[in-house]
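[1] Give the three-dimensional model of this entry:
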Amino acid sequence: MRGIARQKLGYFPLSQKEAERIRRFLSFREDCDATSVLDPCAGGGAAMATITSGAKTLTYGIELDSFRAEEARLVLGHVLQGNCFDVQSAVESFSLLYENPPLS
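    Alright, predicted model coming up:
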């Protein structure tokens with residue numbers, strides 16, 4: 001990883017405009033329980049919040065950086081601060097996985 005990327009832990013967030021574009025392609029069922037969604041590289045949570053806006057969802061995020069994890073807790077339902085490779089979940093726990101992993 002290069003200098004500035006290393007300082008940011010490879011963090012290059014998705015633009016708001018792109019998140020809105022992705023949201024337009026998604027449809028969530030309204031006739032069932034909330035859809036569980038996971039962002040294993042959550043950053044500040046803004047992308048996942050936009051991608052799931054207006055939908056009945058349970059949002060989960062994992063973020064390596066403690067400051068960004070705190071930011072994500074303001075907009076996502078459940079956030080873990082840590083390495084996504086150290087987290088385990090049951091098979092078929094999530095209906096949507098959003099990934100924007102750090103650049104190496």
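
[2] what's the helix or strand where residue 50 lies packed up against?
    Counting by DSSP states H and E, the element that carries residue 50 is helix 46-51. In terms of contacts (3 or more C-beta pairs under 8 Å, 6 or more residues apart in numbering; DSSP states H and E), helix 46-51 is packed against helix 16-25, strand 35-39, strand 57-63. For the C-beta atoms, the positions are set from N, CA and C on the backbone; glycine is no exception.

[3] List of residues touching it?
    Applying C-beta atoms under 8 Å, 6 or more residues apart in numbering, the set of residues contacting helix 46-51 from outside is 13-14, 16, 19-20, 22-23, 26, 37, 39, 42, 59, 61, 72, 75-76, 98, 100.

[4] Separate out the buried members of the residues you listed.
    Applying a neighbour-count criterion of 16 or more other C-beta atoms under 10 Å, the buried members of the contacts of helix 46-51 are 13-14, 19, 37, 39, 42, 59, 61, 72, 75-76, 98, 100.
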